[in-house]
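Colleague: whatever this is, show me its structure:
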Amino acid sequence: MDRMRLHAGLYAVVIAAFSLIACSGVLPPAVELAGFETDFFNSRYAAHPVDASAQGLRQYDGSLDDLSSRGIGRRQDELARQLVRLLTLRAAELTPQEEIDGALMENAIRWELYELKHLRSWRTRPELYVDVARRKLERSARRRYASSSDRVKALVISINEIDALMAAMRANVEDPSATAMRRGINSCERLVAALRAELAEWGKEAAGVDSRLATMFSSGSVGAAEAVEQSLGWLRGQSTDSGAEEPPIGPENLVMAVLFDSMVETPLSELQRLAAANLERDYRALLEVAEQAAPGRDLAAALEMLAATGLSESELPAASLERINGTVQFLNAKGLVPLPEEVGVQKRYHAELRWNSLRSPFSPYFVDLPPAELGGREEPLDGYLVLSPPAPEWPAELKSIQSGQFSPEELQLEAAASIAPGRYLQALHTVRYPSRAGRLLGSRVTRDGWAHYAEHVVVDEGLGNNDPRLKLMLLYRAVVNDCRFVASIARHARGSSDEEIAALFVEWTGMDGTRARLEAERVSMEPMALAAALGKSLIRQLREDYRRAKGDAYSLRGFHEDFLRQGGLPIPLIRKELLGGT
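Modeller: Purely as a prediction, here's the structure:
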């Protein structure tokens, strides 16, 4: 695909910025890429302190992103200048590692600039603003590299900035769709519930005997809750066509979203063919396994059988930890992946309940990942799987959806996908990647794809002793991800309606109408929901090509070692490292 054609709008921005600089008599300095990398991350973290804090930079712990129109305008100008400078540096002769780092930074700049200037989510999606506050509060409260009192002090600053964040939302958001409004309202409601309940309780406990700090946190939480409630009232008062759907981003924008995240330059027609083929294959396998797991029953009845075995909230932590440790023992016995213990890193695994007010029915599981900015200079964190059962205030239909995701089989697969050999193990390797850009600018397609691949590979290699119930859940999860892949293309490239997308999920997965509608909304708002299915396909194809290239020297363990060594790089870059120019 012609990148010049795809990025014409961005190049126009670059040319304009370059002309401005040239006319001022100041040309971009010919400095080493390492100097640019430092400036790049300094400005990136100043604009996105929530991400900086999550990556281990404690100096950003109290700050929230500046999403005011002035702040966004400054960021656009800064990104345009950075792109000019980076293109100049990339024109020089670079080492292979510098080529990788330069490509990662260029992609990151182009995508952020494109999002701010063209997709303009900050103008249409109230949820964006609430999510900044939610991520900061949740991550800072959990951040285990800092003491409890330090975390409370940082959060006092954060909650006092929520008012400005909500004011930016009310000033910036124009003509949101009914879907965006609904999601914004739901996000505000969950954030208010967290500020008034879970977070308030945590702050009181974390402040300990420091009554002054506890009072500051308590009063700040009340003020922040009131600020969010003010925005909640504003959202509810906005006039919008109740039937208006979130508009699709369009085929070119969908291809660019995939390109900027994953560096996969694949025609839309090929993505569509791959998505459809995956869905057909996995669905056929699902029907076969359903007959084994529940003879004489249809697919819906077989899946209901699994959901009916869901564990109670009190049972979840111990049951999850048992499955995490069992999966790690299986991996060790099979020698499938390089575990932390094999490189002298003794880590423990944990499972805990937390933050159900802030979670959605699509994210009942969350894994704490090691801060990548530490770069291996400090010991990474233990592996924490956070489970979020339904919140008390949720309607019955949503409680039913999420409770059904805590079956023993689902816990087993999440142990593989979230901890080992999935996200957590991959993150342990990522923090040791030799360059800062490589550690911090990974691909969602790689990360989500590896997690999805991980649950499949352990079952393929014998985890669960061919239990048809475990295979049934594995294939059901695969079909749901395949549907997201197909649906994202149908929605954003072909303009299918939310109703048509919901019908697709019902047809292929048998899920109830409520969850299907939520899936359709998710795809509408999140085109990259296709990441897990696409990533798994790319990893499997790379593994097959790696096997052919290695011949008799091939081993599954060898492929996993070589793949994980590349951290979260986009898969085309991993392919080049593993196979050269092929």
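Colleague: could you chop the protein up by domain?
Modeller: 3-237, 256-578 (automatic domain parsing).
Colleague: would TSV of the ones you listed with mean pLDDT, distance to residue 249 and mean neighbour count be doable?
Modeller: C-beta here means a position set from N, CA and C on the backbone, and glycine is covered the same way. Compiled in TSV, those are given as follows (pLDDT from 0 to 100; distance: least, Cβ to Cβ, whole Å; neighbours: other Cβ atoms under 10 Å):
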stretch	mean pLDDT	distance to residue 249	mean neighbour count
domain 3-237	86	6	18
domain 256-578	90	5	19
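Colleague: rebuild the ones you listed as a markdown table, extending it with distance to residue 245.
Modeller: Putting the domains of the chain into a markdown table (distance: least, Cβ to Cβ, whole Å) gives the following:
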| stretch | distance to residue 245 |
| --- | --- |
| domain 3-237 | 6 |
| domain 256-578 | 5 |
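Colleague: show me the contacts for the residue lying closest to residue 467 once chain neighbours are set aside.
Modeller: Closest residue to residue 467 apart from its sequence neighbours, by Cβ to Cβ, 6 or more residues apart in numbering: residue 409 at 7.9 Å. By Cβ atoms under 8 Å, 6 or more residues apart in numbering, residue 409 lies in contact with 306, 309, 467, 469-470, 472-474.
Colleague: just flag the most distant two among those.
Modeller: 309 and 474 (15.5 Å; Cβ to Cβ).
Colleague: surely residue 474 and residue 457 touch.
Modeller: No - Residue 474 is beyond contact range of residue 457, at 10.7 Å (criterion: Cβ atoms under 8 Å).
Colleague: quick check: closest non-adjacent residue to the most centrally placed residue in the chain.
Modeller: With distances taken as Cα atoms, centre = their mean, residue 444 lies nearest the centre of the chain, 6.3 Å away. Among residues not flanking residue 444 along the chain, residue 531 sits closest, at 4.7 Å (Cβ to Cβ, 6+ apart).
Colleague: assign the one you found to helix, strand or coil.
Modeller: Following DSSP: H, G, I helix; E, B strand; the rest coil, we place residue 531 in the helix state.
Colleague: likewise the one 5 residues further on?
Modeller: At residue 536 the chain is in helix, as set by three-state DSSP.
Colleague: what sits against the residue nearest to the centre of the chain?
Modeller: 261-262, 528, 531, 535.
Colleague: same thing with residue 244?
Modeller: 177-179.
Colleague: include secondary structure and distance to residue 569 when you put the residues you listed into CSV, please.
Modeller: Output for the contacts of residue 244, formatted as CSV (DSSP: H, G, I helix; E, B strand; the rest coil; distance: Cβ to Cβ, whole Å):
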residue, secondary structure, distance to residue 569
177, coil, 35
178, helix, 39
179, helix, 33
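Colleague: looking at these, which is nearest residue 314?
Modeller: Among the contacts of residue 244, and counting by Cβ to Cβ, the member closest to residue 314 is residue 179, at 35.7 Å.
Colleague: check the gap between that closest one and residue 424 for me.
Modeller: 33 Å (Cβ to Cβ, to the nearest Å).
Colleague: any idea which of the contacts of residue 444 is closest to residue 246?
Modeller: residue 528 (14.4 Å).
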